[in-house]
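Asker: my questions concern the predicted model and sequence given below.
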Amino acid sequence: MIDRLISVPHLNQSAMYSIWERFIAGENVDATDIFPKTYDAWLRCVAYNINPHQINIKKLTDEELYYRRSHLKSVLDLLEPHIQTIKTTLSTQNQTFLILIADSEGIILKSFTGKDTTSNFINIPYESGVSFAEPVMGNNGVGSVLANGIPLAVIGAEHYVKDFHRWSFVGSPIIGEEGDTIAVLSVAMPCGLESPYTLSLTVAATKAVEAAIKQNQMEKKLFDAGKALRVLMQQSDIIFNAMSQGVIILNREGIVTFFNRAAEKIWHKEANEIIGKPFESFHFCQRGYHLLIQTIEEARSFTNIECKCCNLQTEKFLLVNTSLLRDEKNSVSGAIGIYTDVTDLRRQEARIKEQQKLAVVGQMAAGMAHEIRNPLTSVRGFAQLMSEKMAGQNSVFKEFMEIMIQEIDQADTFINNFLQLAKPKQPERQPCSLNQLITDFIKIFETQAFLQGVKIITDLTELPKVIVDQDQIKQVLLNLCQNSLQAMNMQGTIIIATDYHPTENEVSLSVQDNGPGINPDDLEKLGTPFFTTKDKGTGLGLSISYTIVDKHRGRIEVVSQLGEGTCFTVYLPLDEQF
């Protein structure tokens, strides 16, 4: 195209005009004597039935023109500085030129002229609203660009309509987002006065506009994507924070990027304390911690893995599910962990298990206690009578009678305990200071501990009052302390502690010793009647303790480590009226 413009001064317009005359007269012409795009355009003009001697004018109404300009306002605004550049450049050679901006249908939206371009000199309609489409005005620098979709130059007699022979047109399309032509920029100068730079200026202007359109579209897409991302993140936050499960998200480096409200509740940590820090620095859930890191390191997920979590206040049971996060290249970019708090479920299961144990004993006790107790009562009566008959006699049989009575009384105590399991006494609850109850208990128990070389230490936290049966809770405390005392064998330390758990609305009482600990296989059997690790124990004391705590709607949890000791913790709910 540019080469054609450079050669314009040397183009034989007379020869071209002669070829044009023969063509419109219907004579055969040698197509090789004509620029191929020009010859093709002439053939289209014949098919359009265009009159080569008369310009066909089609013009839009002002309302239609306003609508089309509004539709392409952004393109017109982008073209404005380039129009000024083209006008300035063309004016250095001559002041006679036309600059036209048309839409995708060839409708002129705006036109500009040089200082010397008078209406008397211009013999073609160039005002806004006129159609320059090929089917209307034949081939030209607007319609032919639309027909071919590429920059073109139409020079003098190459125009099919004779009135255009005075002009040389160049035009360049502006390609839109969808790859279609949305507008055309065209420049016309009198034939013979063409500038070799006109087409390059025109093409450069349209390419600059296309680049600006693409940039604007990219910025809009980025803005829309950013807006959509913000909405998505907001929705994700709402969804994740509305979940009852704790959600933790890590990036590939193991840095916490998300920590929802349920996670805050589980671990009693604020999100701003956690987010942005390495997950490895938090050790509140060791197994769950390893699972989330393993998910990233081994690139695999874990499903329904149960673990224990120790937060600042109590122990929780969590069901852990982890999943991998991947980037656009399918590489591991992080992991998400979902933690379901099943503590209440596990506690309920443990409570049901204890009740099942006690139900078995109750059935046994109901059937056996009276059958055993009645004969024992008779035997004790006769033994006491015989002992009285032997009063004043120094007889070995009298000593035997006293031993029998003691053993029968011991058996009767055992049966009473057994019956307490079968028909436990309902607690007579009253407001009570748990710390004061412990203080009063220690005054009595520490003497027994001192005799065995065991030290009693207390760690009492300020507590609200609880509603309990004081005698029954003292019995639980006595049973737990005696078990610890017997486990330590003449030396050691017992720590009696209390704590307040406002989130769970409960208080706790713990008895911890530094004895030999309990075998892990035996932990599940604790509280079962007649199960004991002591040589002379019956296991009823701990069973009774479980029953009393259950009647108070509480629970007992045990943590033990072989060689380090055991801790029994009693949790009691608070009544809201106190």
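Answerer: Looks like it arrived, so ask away. Numbers count the residues shown, from 1 in each chain.
Asker: tell me how far stretch 265-284 lies from the chain's centre.
Answerer: Averaging C-alpha coordinates over stretch 265-284 and over its chain gives two centres that are 16 Å apart (CA atoms, centre = their mean, to the nearest Å).
Asker: buried residues in it?
Answerer: When burial is assessed from 16 or more other CB atoms under 10 Å, stretch 265-284 yields the following buried residues: 266-267, 269, 274, 279, 282. C-beta coordinates here come from the backbone N, C-alpha and C atoms, glycine included.
Asker: next, give me the two most distant ones among those.
Answerer: Taking CB to CB as the measure, the buried residues of stretch 265-284 reach their widest spread between Ile266 and Phe279, a distance of 14.6 Å.
Asker: related to what we said a few turns ago, want to throw the buried residues of stretch 265-284 into CSV with pLDDT?
Answerer: As requested, these are arranged in CSV below (pLDDT from 0 to 100):
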residue, pLDDT
Ile266, 82
Trp267, 81
Lys269, 83
Ile274, 86
Phe279, 82
Phe282, 73
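Asker: mind putting the residues you listed into CSV with distance to Glu219?
Answerer: Output for the buried residues of stretch 265-284, formatted as CSV (distance: CB to CB, whole Å):
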residue, distance to Glu219
Ile266, 43
Trp267, 42
Lys269, 40
Ile274, 36
Phe279, 37
Phe282, 41
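Asker: tell me which of the residues you listed is nearest to Lys551?
Answerer: Closest to Lys551 out of the buried residues of stretch 265-284 is Ile266 (29.5 Å), distances taken as CB to CB.
Asker: check which helix or strand that closest one maps to.
Answerer: Counting by DSSP states H and E, the element that carries Ile266 is helix 261-267.
Asker: immediately after that helix, which helix or strand?
Answerer: Using DSSP H and E, the helix or strand that directly follows helix 261-267 along the chain is helix 271-274.
Asker: low-confidence ranges, the stretch 201-350 of the chain, go.
Answerer: In the predicted model, the stretch 201-350 of the chain carries pLDDT under 70 at residues 283-289, 310-314.
Asker: what's the answer for the stretch 451-578 of the chain, then?
Answerer: Short version for the stretch 451-578 of the chain, where the test is pLDDT under 70: 523-525, 527-540, 576-578.
Asker: quick one, helices of it?
Answerer: Using DSSP state H, counting those that start in this stretch, the helices assigned to the stretch 451-578 of the chain run over residues 470-488, 520-523, 540-551.
Asker: tell me the contacts of Ser508?
Answerer: When the contact criterion is CB atoms under 8 Å, 6 or more residues apart in numbering, the partners of Ser508 are 314, 498-499, 501, 569-572.
Asker: whoops, Leu345 was the one
Answerer: Taking CB under 8 Å, 6+ apart as the definition of contact, the neighbours of Leu345 are Phe317.
Asker: next, the closest residue to Ile274 other than its chain neighbours: phi, psi?
Answerer: Closest residue to Ile274 apart from its sequence neighbours, by CB to CB, 6 or more residues apart in numbering: Phe259 at 4.5 Å. Main-chain dihedrals, Phe259, degrees, to the nearest 10: phi -150, psi 100.
Asker: kindly report the same for Met243.
Answerer: Per degrees, to the nearest 10, the backbone of Met243 is at phi -70, psi 150.
Asker: quick one, what contacts the closest residue to it other than its chain neighbours?
Answerer: Nearest non-adjacent residue to Met243, counting by CB to CB, 6+ apart: Ala262, 5.9 Å away. Applying CB under 8 Å, 6+ apart to Ala262 gives the contacts 241, 243-247, 339, 341.
Asker: name the element the most centrally placed residue in the chain belongs to?
Answerer: In the chain, the C-alpha nearest the mean C-alpha coordinate belongs to Ser236, at 5.2 Å (CA atoms, centre = their mean). Ser236 belongs to helix 198-242 when assigned by DSSP H and E.
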